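Chemist: Provided below for reference: sequence and predicted model.
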Amino acid sequence: MTAEWLVCANCAGRVSEGRCAVCRAELARLRQERNPWATLGGPAGLIALLLGLAAVALLVARPA
């Protein structure tokens, strides 16, 4: 979803221009929705996710 056609109720400008704080917040939210990896918190979140998956894999592979 792009913000090209969205009009801000706060400043009456295009959201894509980011004129006011409301526009900039909406742009940030739209960018985060478009990039699902952004919600992990960058590289640190990705590393934590990989370590968690490795721990689960080791527990599953361990003989009973």
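Modeler: Structure's in. What do you need?
Chemist: the closest residue to E17 other than its chain neighbours: neighbour count?
Modeler: Spatial nearest neighbour of E17, chain neighbours left out: C23 (6.8 Å); criterion: C-beta to C-beta, 6 or more residues apart in numbering. All C-beta atoms are positioned from the backbone trio N, CA, C, and that covers glycine. When neighbours are defined as other C-beta atoms under 10 Å, C23 has 21 of them.
Chemist: same thing with the one 4 residues further on?
Modeler: Neighbourhood size, L27 [other C-beta under 10 Å]: 16.
Chemist: point out where this structure drops to low pLDDT.
Modeler: The chain contains residues with pLDDT under 70 at 1-3, 36-42, 64.
Chemist: same for the top helix by length along the chain, what does it pack against?
Modeler: Across the chain, the helix with the greatest residue count (assigned by DSSP state H) is helix 43-61. Of the remaining helices and strands, none touches helix 43-61 by 3 or more C-beta pairs under 8 Å, 6 or more residues apart in numbering; DSSP states H and E.
Chemist: one step back: doesn't the residue nearest to E17 lie inside a strand?
Modeler: No. Per DSSP: H, G, I helix; E, B strand; the rest coil, C23 lies outside any strand segment and is helix.
Chemist: so who does it touch?
Modeler: By C-beta atoms under 8 Å, 6 or more residues apart in numbering, the contact set of C23 is C8, N10, C11, G13, R14, V15, E17.
Chemist: what about it, distance to E33?
Modeler: 16 Å (C-beta to C-beta, to the nearest Å).
Chemist: next: S16.
Modeler: 15 Å.
Chemist: picking up where we left off before, out of the contacts of C23, which are buried?
Modeler: Among the contacts of C23, those that count as buried by neighbour count (16 or more other C-beta atoms under 10 Å) are C8, V15.
Chemist: format the contacts of C23 as a markdown table; extra columns: secondary structure.
Modeler: Shown next, in a markdown table, are those (three-state DSSP):
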| residue | secondary structure |
| --- | --- |
| C8 | coil |
| N10 | coil |
| C11 | coil |
| G13 | coil |
| R14 | strand |
| V15 | helix |
| E17 | helix |
